[in-house]
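1. next come a sequence and a model predicted from it.
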Amino acid sequence: MQLPPAHATGNLDIVVNAHAREVIIGPDGRATGVLYIDKTTRKEERVKAKAVVLAASSGETVRIMLNSKSGRFPNGLANSSGLVGKYIMDTVGVELEGQIPALENIPPHNEDGAGGNHVYAPWWLYKEQLAGKLDFARGYHIELGGTRRMPRGRNPVHDQF
């Protein structure tokens, strides 16, 4: 999303320190806004909208949908089946960074997005899973990688936003 061009239209309001609690649903079943908690004042606030895009993380999207109860959606938004959040899978990642003094004075070179060292260890217990010998439904894998990139600490988004 390009925030500066969207903001320049005058049709975009950015609300910071807001923790979305639920999507407000009108009598016709359409989203009309969002109810959120202002993290600074801890007060409940509402914002009206012509359109609501729910694009939180997988866990937060489920939480917001289940909190969004109405006459039309008594079990939460789009949850007539009762399956919202039941078969969810999230990706958990861990990142470790280091600074190597021997590399500090070499000329800067941004390699963001460039292929680097990469090791992928795929899911290896699929036979045991198929045989029902595991006490969980899905698998996992391990990925390791390394690259040289721009230093942390600089915000790529313009300070206005």
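-> Perfect, thanks for sending it.
2. is Met99 located within a strand, as I assumed?
-> Quick fix: residue 99 reads Gln, not Met. No: the assignment for Gln99, made by DSSP: H, G, I helix; E, B strand; the rest coil, is coil rather than a strand.
3. that one: neighbour count?
-> Other residues near Gln99 come to 7 when the count uses other CB atoms under 10 Å. In short, each C-beta sits where N, CA and C put it, glycine included.
4. walk me through the domains of this structure.
-> Domain ranges of the chain: 3-67, 101-146, per automatic domain parsing.
5. tell me the centre residue of this protein?
-> Ser57 (2.9 Å; CA atoms, centre = their mean).
6. one step back: closest one to Ser80 among the domains of the chain?
-> Nearest to Ser80 among these is domain 3-67 (11.4 Å), distances taken as CB to CB.
7. ok, residues contacting stretch 40-51?
-> Stretch 40-51 has contacts (CB atoms under 8 Å, 6 or more residues apart in numbering) with 13, 15, 17-18, 21, 24, 31-38.
8. how about the strands in the protein?
-> Taking DSSP state E as the test, the strands found in the chain are 18-25, 31-38, 44-48, 117-121, 142-146.
9. export stretch 20-38 to CSV, keeping only CA atoms.
-> Presented in CSV, the C-alpha positions along stretch 20-38 are these (Å, rounded to 0.1, in the frame of the first residue of the first chain):
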residue,chain,number,x,y,z
ALA,A,20,-9.1,-3.1,16.8
ARG,A,21,-11.7,-4.9,18.9
GLU,A,22,-14.5,-5.7,16.4
VAL,A,23,-16.0,-4.9,13.1
ILE,A,24,-19.3,-3.0,13.4
ILE,A,25,-22.0,-4.6,11.4
GLY,A,26,-25.1,-2.8,10.2
PRO,A,27,-28.6,-4.2,10.1
ASP,A,28,-28.1,-5.2,6.5
GLY,A,29,-25.1,-7.4,7.5
ARG,A,30,-22.5,-5.1,6.0
ALA,A,31,-19.5,-3.7,7.8
THR,A,32,-20.0,0.0,8.7
GLY,A,33,-16.9,0.6,10.8
VAL,A,34,-14.6,-0.6,13.5
LEU,A,35,-14.7,-0.4,17.3
TYR,A,36,-11.2,0.0,18.7
ILE,A,37,-9.5,0.7,22.0
ASP,A,38,-7.3,3.8,22.1
